[in-house]
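[1] what follows is a protein structure lacking sequence information:
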Ligand SMILES: [Zn+2]
């Protein structure tokens with residue numbers, strides 16, 4: 001091959017490669033985002049996406065606390081997996097998970113971390129306020145921990161009214177109450193059949209049935225009846241005699257799918273209603 005011909009061929013090859021990467025960049029801009037995780041996006045792509053193409057953000061919030069024989073981080077891992085699963089369907093970005101919450105009654109257990117209400121409330125208020133500043137229109141809190149709910153409701157209301165933004169606070173285990181009863185044919189519990197199954201669906205290696213015995217579970221006290229600190233059991237059944245973990249992989253998959261579909265539908269329906277009412281459009 002002569003020199004001239006080689007350089008022409010090389011030039012053409014470079015041009016074809018350049019055109020290829022230009023096309024790839026264009027497809028990326030016009031098509032799906034390179035990621036839906038705020039942790040992974042660069043600021044330039046974030047700017048292209050929000051709010052022009054994506055105006056909803058999913059915010060997983062949880063707690064680090066004991067959960068029977070499943071991970072201490074269950075309340076973080078569950079809403080995080082949920083966010084990843086429903087982000088595309090709801091056309092949302094995913095904010096980094098806040099892995100700590102309010103768990104005073106379980107703080108005594110190995111590995112548990114509890115943040116005070118005085119620190120947690122203002123922190124989450126700032127976090128949601130910042131998401132509003134970033135021009136998200138719909139802020140969807142995926143809460144994984146019941147101990148956070150009361151303060152989250154207050155904080156969300158303040159941010160929505162002050163920043164004129166829409167905020168939805170969700171507690172998946174309550175939203176999925178009827179799904180728990182239909183999949184397991186009985187009620188659930190904290191670290192019970194429902195929560196154990198949800199985690200087992202995507203993290204089977206971190207479920208420990210070999211450490212489980214039924215005496216680890218106990219029914220929740222009737223409201224106002226008594227309080228034990230630390231709690232005497234980390235598997236707390238919503239109803240006496242129901243909600244013991246089943247460790248059944250098929251139930252786990254079925255439950256995970258049904259819960260996430262329910263959550264995605266709730267998010268979409270809530271946004272549709274906000275849109276049609278014209279509030280903060
Ligand atoms: Zn939990």
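    Sure, I can see it. All figures in this text were calculated on a predicted structure; none of them were measured in a lab.

[2] when you work out contacts or count neighbours from here on, use the C-alpha atoms and nothing else.
    Will do.

[3] got the phi and psi for residue 94?
    Note on residue 94: its backbone torsions stand at phi -120, psi 120 [degrees, to the nearest 10].

[4] quick one: residues contacting it.
    Contact partners of residue 94, counting by Cα atoms under 8 Å, 6 or more residues apart in numbering, are 36-38, 57-60, 83-84, 87.

[5] and what of residue 69?
    191, 207-209, 211-212 are the contacts of residue 69 under Cα under 8 Å, 6+ apart.

[6] could I get the contacts of residue 94 in JSON lines, plus columns for secondary structure?
    Formatted as JSON lines, the contacts of residue 94 follow (DSSP: H, G, I helix; E, B strand; the rest coil):
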{"residue": "36", "secondary structure": "coil"}
{"residue": "37", "secondary structure": "strand"}
{"residue": "38", "secondary structure": "coil"}
{"residue": "57", "secondary structure": "strand"}
{"residue": "58", "secondary structure": "strand"}
{"residue": "59", "secondary structure": "strand"}
{"residue": "60", "secondary structure": "strand"}
{"residue": "83", "secondary structure": "helix"}
{"residue": "84", "secondary structure": "helix"}
{"residue": "87", "secondary structure": "coil"}
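
[7] which of those residues sits closest to residue 218?
    residue 60 (27.8 Å; Cα to Cα).

[8] which residues does that closest one form beta bridges with?
    residue 142 (DSSP bridges).

[9] part of a strand, is residue 93?
    Yes: assessed by three-state DSSP, residue 93 belongs to a strand.

[10] ok, now how distant is it from residue 58?
    Distance, residue 93 to residue 58, by Cα to Cα, to the nearest Å: 6 Å.

[11] what is in contact with the two at once?
    In contact with both residue 93 and residue 58: residue 87, using Cα under 8 Å, 6+ apart.

[12] could you work out the most separated pair of the contacts of residue 69?
    Most distant of the contacts of residue 69, by Cα to Cα, are 191 and 211, 13.6 Å apart.

[13] which of the two has more neighbours?
    The residue with more neighbours, out of residue 191 and residue 211, is residue 191; 27 against 10, by other Cα atoms under 10 Å.

[14] ok, the more buried one to residue 137 distance?
    34 Å.

[15] do residue 183 as well
    35 Å.

[16] more neighbours, those two?
    Neighbour count, other Cα under 10 Å: between residue 183 and residue 137, residue 137 has more, with 24 against 16.

[17] from what I can see the more buried one touches residue 166, true?
    Yes: between residue 137 and residue 166 a contact is recorded at 6.1 Å, counting by Cα atoms under 8 Å.

[18] from what I see, residue 176 and residue 264 are in contact.
    No: using Cα under 8 Å as the test, residue 176 is too far from residue 264 to be in contact (11.9 Å).

[19] cross the contacts of residue 69 against strands and list the overlap.
    If you go by DSSP state E, those have nothing in strands.

[20] of those, closest to residue 99?
    Nearest to residue 99 among the contacts of residue 69, with distances taken as Cα to Cα, is residue 191, at 17.2 Å.

[21] how about residues contacting stretch 45-57?
    Against stretch 45-57 from outside (Cα under 8 Å, 6+ apart): 33, 38, 90-95, 131, 134-140.

[22] among the residues you listed, the buried ones, what's the ChimeraX command?
    Buried members of the contacts of stretch 45-57 can be picked out in ChimeraX with the line below, counting by 16 or more other Cα atoms under 10 Å:
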select :33,90,91,92,93,94,95,131,135,136,137,138,139,140
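
[23] who's in contact with residue 195?
    Contacts of residue 195 by Cα under 8 Å, 6+ apart are 173, 188-189.

[24] which residues of the stretch 51-200 of the chain fall in helices?
    Under the criterion DSSP state H, counting those that start in this stretch, helices of the stretch 51-200 of the chain are mapped to 74-86, 117-133, 149-163, 172-175, 177-184, 193-202.

[25] much appreciated, bye for now.
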